[in-house]
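[1] 3D, please:
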Amino acid sequence: MCLAALFSVFAGCTAKNDETETEGKAAISFVDDDGYQINLGAPAKKIISMYSAHTENLYALGAGEQVIGGHTTCIFPAEAAPKATYDYQGDPEYVIAAEPDLVLIRPRISRAAPEFVESLRNAGITVVSLYPNTLDAFPDYINKLAALAGKEEKAEELLKVFDAGLNEISDLTSKAEDKQTVFFESTEVNIRTVAEGSMPDMAIKFAGGKNIAQGALPMTEGSSIAEFGAERVLENGEGIDVYVSQRGAMNAGGNLQSISERPGFDTVSAVKNGRVYVINEKLISSPTFRYVKGVNELARFMYPEIMDDVSAYISDEPATKRDFANLITRCLHIPVYVPSSSKYYLENRDTHTYGMFEDIHWYDHDFDYIETAVYSGYVSWRKGEDGKEYFDPDSGVTREGLAKTVFIAGDFSAKEANTAISDLGKCGNKRIVQILVDNGVFELDENGSFLPDKQVTHNEIIQALRFVK
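    Numbering: from 1, shown residues only. Prediction:
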């Protein structure tokens, strides 16, 4: 037996289709997606992930502390970004020097950098290649990933939540009487779409939509990309209710401006009606638990009256900032914000940094809507004396705070005649308050006072946001 093969046996990874005595006796045993028999005596404690989806899923499984590094594109959750970064196009010695007991890759990496992968195996490092080509393969992929990290019970729990989330969205959109037809642009080059059965195609179905490119075939075996073209888009233009463009490092569709400026695209119903949306590929094409959020976004694009319904918030109870962020994102139908650049956390900024709130974690139920409302500039945040960022989700919302948000989000003009406001001098944003009172957005009390510091209710927020056009 050659030295490389011997190392492979000790590391738990044997050559393709090589039956060994350890198979069946190992605590963890399966064939990976490159055809290698994997045998591990125990879960890995030092993992390097060369694919962002693996990293994200490991954190979701509760194995984040076992991840000692990842590829340069691993930026979600935010706590994964500062860890050591590696590039499979670089020197494998950097990975070898970190002494991981497991390196996770996917078949694309094996094809793109075979010498890099072979160097790791020759150094005695266990390399496991995983990637689910279809949504049906997602549970098996997660279960293998969980086994490698010793998180099988958590995987079972999360997969149940995953399925329940998809079913809940489907149940909600099934109530829509007018089923929406969607064109999904996967790449701006040649206006390509997605293949039937791909994750984005399935997402359209889960979201209650009809794919105008139904039956599109993959460009190559295993690809999610399919040919379509501008000519066919225009041929079907009147029947396209919603136009969705996928944006990201791997596949980049057009942006809102470029799509609307294409010759003839002004005849497409979705373009004419302002129903062109951009979605981050990480939410819709990447095999992670956030796929449910991507499906939810598609459903929001198609059926905002159902998915952004705020009837559960109707109340005269005082609203918190958490409530405020939810109501803003829903009432204004703002697509959720997700950073797309792998260099996002390397950039210096004076504004809030995505995912860095000390009091709102990435697994918080309202994380996306809070981050979106803050990123849009509609909800305030603060930097503490410790230099860390805080959202203060349970604090209240004042009338003046609501006024500032409504003014920024809306389009209001000053009136020639001004309503007398007895306590205008107590307002920090006098001009904003005056304009909104004059436009009928806010009423004064019996003493003609605005009461800038008074906490607002859910109903007051909903009512004020109705003035935003």
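[2] quick one: contacts of the helix ranked longest in the chain?
    Criterion DSSP state H: the longest helix present in the chain is helix 152-173. Residues from elsewhere that reach helix 152-173 (C-beta atoms under 8 Å, 6 or more residues apart in numbering): 60-62, 138-139, 142-143, 145-146, 206-209, 289, 291-292, 295-296, 299, 302-303, 306-307. For glycine as for every other residue, the C-beta is placed from the backbone atoms N, C-alpha and C.
[3] what's the first helix or strand after it?
    strand 181-185 (DSSP states H and E).
[4] adjacent strands (with direction) for that following strand?
    strand 210-211 (parallel), strand 242-247 (parallel) (DSSP bridges).
[5] which one of the ones you listed is the most hemmed in?
    strand 242-247 (a mean of 25; mean count of other C-beta atoms under 10 Å).
[6] starting at the chain centroid, how far to it?
    14 Å (C-alpha atoms, centre = their mean, to the nearest Å).
[7] pull that strand out as PDB, backbone CA atoms only.
    Provided in PDB are the C-alpha atoms of strand 242-247 (Å, rounded to 0.1, in the frame of the first residue of the first chain):
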ATOM      1  CA  VAL A 242     -43.200  39.200 -11.500                       C
ATOM      2  CA  TYR A 243     -39.600  39.400 -12.700                       C
ATOM      3  CA  VAL A 244     -37.000  38.100 -10.300                       C
ATOM      4  CA  SER A 245     -33.200  38.500 -10.800                       C
ATOM      5  CA  GLN A 246     -30.700  36.500  -8.900                       C
ATOM      6  CA  ARG A 247     -27.600  38.400  -7.800                       C
END
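[8] contacts made by stretch 350-357 with the rest, please.
    76-79, 337-339, 344-345, 362, 370-371, 374-375, 381, 388-391.
[9] those, buried ones only, as a ChimeraX selection?
    Listed next is the ChimeraX selection for buried residues among the contacts of stretch 350-357, using 16 or more other C-beta atoms under 10 Å:
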select :76,77,78,337,338,339,344,345,362,370,371,374,375,381,389,390,391
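[10] which of the contacts of stretch 350-357 fall within strands?
    Members of the contacts of stretch 350-357 lying in strands (criterion: DSSP state E): 389-390.
[11] closest to P132 out of the strands paired with strand 181-185?
    The closest of the strands paired with strand 181-185 to P132 is strand 242-247. By C-beta to C-beta, the value is 18.2 Å.
[12] mind checking how far V244 is from I169?
    Per C-beta to C-beta, to the nearest Å, V244 is found 15 Å from I169.
[13] same deal with P287?
    P287 is 18 Å from I169, by C-beta to C-beta.
[14] circling back: and the contacts of helix 152-173, which of them are buried?
    Among those, those that count as buried by neighbour count (16+ other C-beta under 10 Å) are 60-62, 138, 142-143, 145-146, 206-209, 289, 291-292, 295-296, 299, 302-303, 306-307.
[15] just give the number of residues close to G396.
    G396: 16 surrounding residues under other C-beta atoms under 10 Å.
[16] go on, E358?
    Counted by other C-beta under 10 Å, the residues lying close to E358 total 11.
[17] please apply the same query to N167.
    11.
[18] pLDDT weak spots in the chain?
    Along the chain, the model assigns pLDDT under 70 to residues 1-26, 249-251.
[19] the same query, at a cut-off of 90, please.
    Within the chain, the stretches with pLDDT under 90 are 1-27, 82, 218, 220-223, 247-257, 340-342, 346-350, 469.
[20] any idea how it splits into domains?
    3-150, 177-302, 311-390, 399-453 (automatic domain parsing).
[21] let's have these in JSON lines, adding distance to K469.
    Listed next are the domains of the chain as JSON lines, based on distance: least, C-beta to C-beta, whole Å:
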{"stretch": "domain 3-150", "distance to K469": "34"}
{"stretch": "domain 177-302", "distance to K469": "12"}
{"stretch": "domain 311-390", "distance to K469": "10"}
{"stretch": "domain 399-453", "distance to K469": "6"}
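[22] look up how far S340 lies from the residue minimising distance to the centre of the chain.
    Most central in the chain under C-alpha atoms, centre = their mean is L283, positioned 4.1 Å from the mean C-alpha point. Look at L283 and S340: by C-beta to C-beta, they are 10 Å apart.
[23] state the number of residues packed around T398.
    Using other C-beta under 10 Å, T398 has 15 neighbouring residues.
[24] ditto for S186
    As a burial measure, S186 scores 29 neighbours (other C-beta under 10 Å).
[25] which residues sit against stretch 73-89?
    Residues outside stretch 73-89 that contact it (C-beta under 8 Å, 6+ apart) are 48-50, 52, 55-56, 59, 64, 67-72, 94-95, 98, 105, 109, 112-113, 116-117, 249, 282, 290, 338-339, 342, 344-345, 353-356, 362-363.
[26] if we can go back for a sec, could you list which of the contacts of stretch 350-357 belong to helices?
    If you go by DSSP H, these have 370-371, 374-375 in helices.
[27] and P82, what helix or strand is that in?
    In the assignment (DSSP H and E), P82 maps to no helix and no strand.
[28] ok, it - how many residues close by?
    Quick note: P82 (other C-beta under 10 Å) scores 9 neighbours.
[29] over to the one 3 residues further on?
    With neighbours defined by other C-beta under 10 Å, the count for T85 comes to 18.
[30] roughly how far apart are it and S413?
    Distance, T85 to S413, by C-beta to C-beta: 50 Å.
[31] before we move on, what about N326?
    Distance of N326 to S413, computed by C-beta to C-beta: 29 Å.
[32] look at the two and report which has more neighbours.
    When neighbours are counted by other C-beta under 10 Å, N326 and S413 differ, and N326 comes out ahead with 25 against 7.
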